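> coordinates only, sequence not included:
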């Protein structure tokens, strides 16, 4: 089996990579200044001309782009190619307001297929793999992104999309699925449904999972790997930049390799915008270096991560990002304390006596914010004595207080009480905003 899909790009020496990135950055900035009114206006506000961007260090002179900029220019205001050259449009579902829209030229689709194929090979897949894609198809980039990469790789594709879980499992067994692509929360739901159906995942041919589209912890990885008997690989992408394939873990599983010949990453302080050095946690900012349809310069992803540039044991020299550690915009501020759902997930999975399904509810009572954590019981827990459940609630509450530095009310709820998701799980209900 090939270790790399594109070895020259994936093992390029740092000096050569930096030179390539600088050249591509200058080209794309020049093109946007000449052809794209929005970017030209943003640069003029900064007093910048294309010739001011010569080295990679000069990228710091350029302004950030945010999701709000996309909404303000809905639907096609950030496109840098005429609609006659846009062969596909995707859009994020969003939680409020209009969706964020992205456009791709034929060349963009080719590059997307290339980086997705790289990702699948890095995760251990090959032409012999049978990939069941349970990400949603349609305007969401997840399904089609993996699909095109898998076809370029030459693997067999089962484009089942999300939902109809019992049918997913039936086809997984009948078609000989070796790899599953979906959100990590849906993978756990599939594992739960398999148990209910009396099916042992280890009796299937499933060996690998390609999971992304939502933050997940190492403990959640362990839960998925244990319950499904597979190796769970983290993939990263976002529609604003390209889609799945921007970065993925290799077999070493020590960070996600970013295809940095196409996507230039930075880590910034989410409050000040200051660029941070390797090893420091901050907000991931990405610049597309080759995209034609809708290039993005210094796009603030709101995803919190860490970058490392040292060579990986797998031989790849591509910069690595840590698993997404949370999002700066879904961070909860409760009584002045920053709280992330991933922190709660780590505590619950670390205790080990609970289901991996949970929900955070934030309410304001009087002038004080109150955090309630709903924790779903397993069938075994549900039959325990009340005293044992009270002790478990107390234990969870103590652990959460220690980790979060804020008190929370813990409520154990019955099995399957918390709504399952076939896409991104809704972990937070913030009633302060209602």
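Now that the structure is in, tell me what you want to look at. Everything numeric here is computed off the predicted structure, so don't read it as measured data.
> show me where the stretch 1-150 of the chain has its strands.
For the stretch 1-150 of the chain, the strands defined by DSSP state E, counting those that start in this stretch occupy 86-91, 101-105, 130-133.
> which strands and helices sit next to the first one?
In terms of contacts (3 or more Cβ pairs under 8 Å, 6 or more residues apart in numbering; DSSP states H and E), strand 86-91 is packed against strand 101-105, helix 106-122. Placement of C-beta: from N, CA and C, glycine included.
> got the angle for that strand vs helix 106-122?
60 degrees (axes from the mean of the first three to the mean of the last three Cα atoms, to 10 degrees).
> strand 86-91: how far from the chain's middle?
20 Å (Cα atoms, centre = their mean, to the nearest Å).
> quick one: contacts of that strand?
Here strand 86-91 makes contact (Cβ atoms under 8 Å, 6 or more residues apart in numbering) with 75, 79, 99-106, 109, 139-141, 144, 239, 243, 293.
> from these, list just the buried residues.
75, 79, 99-105, 109, 140-141, 144, 239, 243, 293 (16 or more other Cβ atoms under 10 Å).
> OK, contacts around the closest residue to residue 332 other than its chain neighbours?
Spatial nearest neighbour of residue 332, chain neighbours left out: residue 339 (4.3 Å); criterion: Cβ to Cβ, 6 or more residues apart in numbering. Residue 339 makes contact with 331-333, 360, 371, 404, 406, according to Cβ under 8 Å, 6+ apart.
> make JSON lines from those residues and add distance to residue 215 to it.
JSON lines is the format used below for the contacts of residue 339 (distance: Cβ to Cβ, whole Å):
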{"residue": "331", "distance to residue 215": "11"}
{"residue": "332", "distance to residue 215": "14"}
{"residue": "333", "distance to residue 215": "18"}
{"residue": "360", "distance to residue 215": "14"}
{"residue": "371", "distance to residue 215": "19"}
{"residue": "404", "distance to residue 215": "16"}
{"residue": "406", "distance to residue 215": "20"}
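> which of those are buried?
Judged by 16+ other Cβ under 10 Å, buried ones among these: 332, 360, 371, 404, 406.
> in helices, which of these appear?
Assigned to helices by DSSP state H, the following of those qualify: residue 404.
> what are the buried residues along the helix-or-strand element of the chain with minimal mean pLDDT?
For the chain, the helix or strand with the lowest mean confidence is helix 379-382, at a mean of 73 (criterion: mean pLDDT, DSSP states H and E). With burial defined by 16+ other Cβ under 10 Å, the residues of helix 379-382 counted as buried are residue 381.
> which other residues reach that helix?
The contact list for helix 379-382 (Cβ under 8 Å, 6+ apart) reads 353-354, 389, 392, 412, 414-415.
> which one in those residues is the model shakiest on?
Ranked by pLDDT, the contacts of helix 379-382 bottom out at residue 353 (74).
> that one contacts residue 392, correct?
Yes - with contact defined as Cβ atoms under 8 Å, residue 353 counts as touching residue 392 (6.1 Å).
> more neighbours: which of the two?
Legend: neighbour count by other Cβ atoms under 10 Å for residue 353 and residue 392, higher for residue 392 (19 against 15).
> show me what contacts the more buried one?
Contacts for residue 392 were tallied using Cβ under 8 Å, 6+ apart; they are 351, 353-354, 381, 412.
> same list (those) but as CSV, adding secondary structure and distance to residue 183.
Below are the contacts of residue 392 laid out as CSV (DSSP: H, G, I helix; E, B strand; the rest coil; distance: Cβ to Cβ, whole Å):
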residue, secondary structure, distance to residue 183
351, helix, 23
353, coil, 24
354, coil, 20
381, helix, 25
412, strand, 25
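> with respect to residue 364, which of those residues is nearest?
Nearest to residue 364, judged by Cβ to Cβ, of the contacts of residue 392 is residue 412 at 23.8 Å.
> show me what residue 288 bridges to in the sheet.
Beta-bridge pairing of residue 288 under DSSP bridges involves residue 263.
> ok, it to residue 410 distance?
Distance, residue 288 to residue 410, using Cβ to Cβ, to the nearest Å: 43 Å.
> then residue 2?
As judged by Cβ to Cβ, residue 2 and residue 410 stand 49 Å apart.
> all strands of the stretch 151-300 of the chain, in order?
Using DSSP E, counting those that start in this stretch, the strands found in the stretch 151-300 of the chain span residues 156-158, 179-182, 208-211, 231-238, 243-249, 256-258, 263-268, 282-288, 299-305.
> hmm, back to that, looking at the strands of the stretch 1-150 of the chain, which is closest to residue 158?
Residue 158 lies closest to strand 130-133 among the strands of the stretch 1-150 of the chain, at 4.3 Å (Cβ to Cβ).
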